[in-house]
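In: model the following, please.
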Amino acid sequence: MTKKNAFYAQSGGVTAVINASAAGVIEAARQHHDTIGTVYAGRDGIVGALTEDLIDTSAETDETIAALRHTPAGAFGSARYKLKSLEENRAQYERLIEVFKAHNIGYFFYNGGGDSADTCEKISHLSDEMGYPIQAIHIPKTMDNDLPHTDCSPGFGSVAKYTAVSIREAGFDLHSMCKTSTKVFILEVMGRHAGWTAAAGGLAAEVEGDAPHILLFPEIEFDRAKFLAKVDATVKAHGFCTIVASEGVEVANDRDDRDIDAFGHVQLGGVAPTLAELIKKELGYKYHYAIADYLMRAARHIASATDVEQAYAVGRAAVEYAVAGKSGVMVTIDRQNDAPYEWTIGEAPLSEVANVEKFMPRNFISDDGFHITDAARRYLKPLIAGESYPPYVDGLPDYARLTLAPVAKKLGTSFEV
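Out: Predicted structure coming up:
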């Protein structure tokens with residue numbers, strides 16, 4: 001069997017652990033050096049493949065690659081760049097195959113969410129059609145936790161831990177000052193259509209009166225009067241009220257003119273200030289709010305050990321699947337048991353993953369729509385378990401810095417993106 005090179009790319013919003021998946025891919029590929037040649041990475045994700053801007057990962061030492069396990073964000077650069085359908089722009093896909101062929105690439109490892117799963121599937125089929133087969137394996141990644149057929153998505157466990165820890169600490173702060181100061185605190189967290197991240201905040205509340213008191217999910221239609229009554233009753237009962245709100249909650253009706261990102265998704269955000277103003281106007285309570293945004297997905301210092309382990313495992317498994325001859329699949333995490341938490345690695349066909357979203361099941365949300373159930377707690381608790389601190393130097397995390405050695409271009413044509 002002729003040895004082929006591999007191409008690895010990071011897609012979409014990065015996470016605290018996506019580089020752990022990269023480490024898993026590169027380390028496993030190095031161990032399979034008789035089958036896999038050089039691992040090239042796309043500079044800025046799939047855009048790097050389209051523009052033939054490749055990075056030679058063999059220029060990185062074993063120590064640097066190992067350090068990716070504790071380094072946040074996308075070490076090779078990521079991109080919000082969604083390829084159009086084959087019918088709309090077949091040239092994009094043909095360009096990818098041309099670049100892969102020019103660099104003797106036979107393995108494609110795409111690390112991302114539902115949109116990248118779609119691209120991965122198309123490349124798998126089109127490469128066969130063009131007579132240059134590519135073994136395409138999708139590596140799951142999304143802090144939204146909305147990929148189907150996998151127990152969880154690497155990246156979620158760490159933002160879930162960040163959310164639960166942050167709202168617990170903010171709750172202690174608010175409780176200590178509520179007698180004479182702020183009565184309401186709102187934490188806005190990421191989560192487009194699925195409320196998994198907001199739900200994780202609910203883990204911080206262990207007994208009656210604990211923060212957070214209210215969770216707002218995209219899956220539950222926002223009821224203004226019901227929400228205000230809940231806030232008011234909570235302040236009267238406990239002296240303060242803490243809220244975790246998903247950015248995807250439709251609080252106002254004037255959001256049709258929001259910006260659209262490169263994936264065709266509506267630009268979200270602004271839920272917290274909208275809720276705060278509503279509370280101030282209708283109830284008169286003093287408030288504070290915070291928008292976690294990039295801070296939550298970049299917070300490697302508080303990553304879940306479970307998340308780090310799983311992110312690394314799916315990266316390694318992608319290589320093992322490719323070496324075994326598989327293609328057109330996504331690596332999955334399959335839960336075997338809740339307590340103790342046990343999981344194995346599996347696979348799912350990309351045709352069942354691409355552009356499919358997994359939402360919070362209704363039985364994970366309390367009857368009143370404002371909190372989580374015991375079933376949700378059983379699911380969420382193991383995903384935030386364990387600490388995996390990065391090394392520190394002079395009081396700050398010591399993260400990997402790559403050389404990002406460029407690969408000489410072989411095609412005489414350029415490609416505009």
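
In: got any ranges where this structure has weak pLDDT?
Out: 1, 253-269 (pLDDT under 70).

In: one more time with 80
Out: Along the chain, segments meeting pLDDT under 80 span 1-2, 82-88, 252-269.

In: can you spell out which helices and strands pack onto the top helix by length along it?
Out: Ranked by number of residues, the top helix in the chain under DSSP state H is helix 156-177. Under the contact criterion of 3 or more CB pairs under 8 Å, 6 or more residues apart in numbering; DSSP states H and E, helix 156-177 touches strand 184-189, helix 196-201, strand 241-246, helix 293-298, helix 305-323. In short, each C-beta sits where N, CA and C put it, glycine included.

In: relative to helix 305-323, how tilted is that helix?
Out: Going by axes from the mean of the first three to the mean of the last three CA atoms, to 10 degrees, helix 156-177 is angled at 170 degrees with respect to helix 305-323.

In: what about dumping the CA coordinates of helix 156-177 to PDB?
Out: What follows is helix 156-177, C-alpha atoms only, in PDB (Å, rounded to 0.1, in the frame of the first residue of the first chain):
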ATOM      1  CA  PHE A 156     -18.900  21.200  25.700                       C
ATOM      2  CA  GLY A 157     -17.700  19.700  29.000                       C
ATOM      3  CA  SER A 158     -15.300  22.600  29.600                       C
ATOM      4  CA  VAL A 159     -17.800  25.400  28.800                       C
ATOM      5  CA  ALA A 160     -20.300  23.600  31.000                       C
ATOM      6  CA  LYS A 161     -17.800  23.600  33.800                       C
ATOM      7  CA  TYR A 162     -17.000  27.300  33.300                       C
ATOM      8  CA  THR A 163     -20.700  28.100  33.400                       C
ATOM      9  CA  ALA A 164     -21.400  26.200  36.500                       C
ATOM     10  CA  VAL A 165     -18.400  27.500  38.400                       C
ATOM     11  CA  SER A 166     -18.900  31.100  37.200                       C
ATOM     12  CA  ILE A 167     -22.600  31.300  38.300                       C
ATOM     13  CA  ARG A 168     -21.800  29.600  41.600                       C
ATOM     14  CA  GLU A 169     -19.100  32.200  42.300                       C
ATOM     15  CA  ALA A 170     -21.300  35.100  41.100                       C
ATOM     16  CA  GLY A 171     -24.100  33.700  43.300                       C
ATOM     17  CA  PHE A 172     -21.900  33.900  46.400                       C
ATOM     18  CA  ASP A 173     -21.000  37.500  45.500                       C
ATOM     19  CA  LEU A 174     -24.500  38.600  44.900                       C
ATOM     20  CA  HIS A 175     -25.800  36.900  48.100                       C
ATOM     21  CA  SER A 176     -23.200  38.800  50.200                       C
ATOM     22  CA  MET A 177     -24.300  42.200  48.800                       C
END
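
In: between that helix and strand 184-189, how many degrees?
Out: 170 degrees.

In: tell me the buried residues in helix 156-177?
Out: By neighbour count with 16 or more other CB atoms under 10 Å, helix 156-177 contains the buried residues 156-168, 170-171, 173-175.

In: where along the stretch 251-400 of the chain do the strands fall?
Out: In the stretch 251-400 of the chain, the strands defined using DSSP state E, counting those that start in this stretch lie at 287-291, 329-337, 342-349, 392-393, 396-397.

In: next, format these as TSV and append mean neighbour count and distance to Ala298.
Out: Below are these laid out as TSV (neighbours: other CB atoms under 10 Å; distance: least, CB to CB, whole Å):
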stretch	mean neighbour count	distance to Ala298
strand 287-291	18	14
strand 329-337	20	22
strand 342-349	16	25
strand 392-393	10	16
strand 396-397	12	11
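
In: in TSV: those, plus distance to Thr64.
Out: Output for the strands of the stretch 251-400 of the chain, formatted as TSV (distance: least, CB to CB, whole Å):
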stretch	distance to Thr64
strand 287-291	33
strand 329-337	24
strand 342-349	26
strand 392-393	15
strand 396-397	15
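
In: figure out which of the ones you listed is closest to Thr51.
Out: Across the strands of the stretch 251-400 of the chain, Thr51 has its closest neighbour in strand 329-337 (25.8 Å, CB to CB).

In: just the C-alphas of the closest one, formatted as PDB.
Out: This file holds the C-alpha atoms of strand 329-337, laid out as PDB (Å, rounded to 0.1, in the frame of the first residue of the first chain):
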ATOM      1  CA  VAL A 329     -18.000   8.600   9.400                       C
ATOM      2  CA  MET A 330     -17.800  10.800  12.500                       C
ATOM      3  CA  VAL A 331     -16.100   9.500  15.600                       C
ATOM      4  CA  THR A 332     -18.600   9.300  18.400                       C
ATOM      5  CA  ILE A 333     -18.500   9.100  22.200                       C
ATOM      6  CA  ASP A 334     -20.900   6.400  23.400                       C
ATOM      7  CA  ARG A 335     -22.100   6.500  27.000                       C
ATOM      8  CA  GLN A 336     -22.200   3.100  28.800                       C
ATOM      9  CA  ASN A 337     -23.000   4.200  32.300                       C
END
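
In: run a quick neighbour tally on Asn363.
Out: 10 (other CB atoms under 10 Å).

In: quick check: the residue of the chain positioned farthest from its centre vs Asp293, distance?
Out: Distance from the C-alpha centroid of the chain, by CA atoms, centre = their mean, peaks at Thr180 (39.2 Å). As judged by CB to CB, to the nearest Å, Thr180 and Asp293 stand 30 Å apart.

In: can you check Asp307 too?
Out: Asp307 is 19 Å from Asp293, by CB to CB.

In: what is the end-to-end distance of stretch 23-39?
Out: End-to-end distance for stretch 23-39, by CA to CA, to the nearest Å: 11 Å.

In: repeat for stretch 73-92
Out: Terminal residues of stretch 73-92 lie 26 Å apart, using CA to CA.

In: what do you get for stretch 71-80?
Out: Note: stretch 71-80 ends 21 Å apart using CA to CA.
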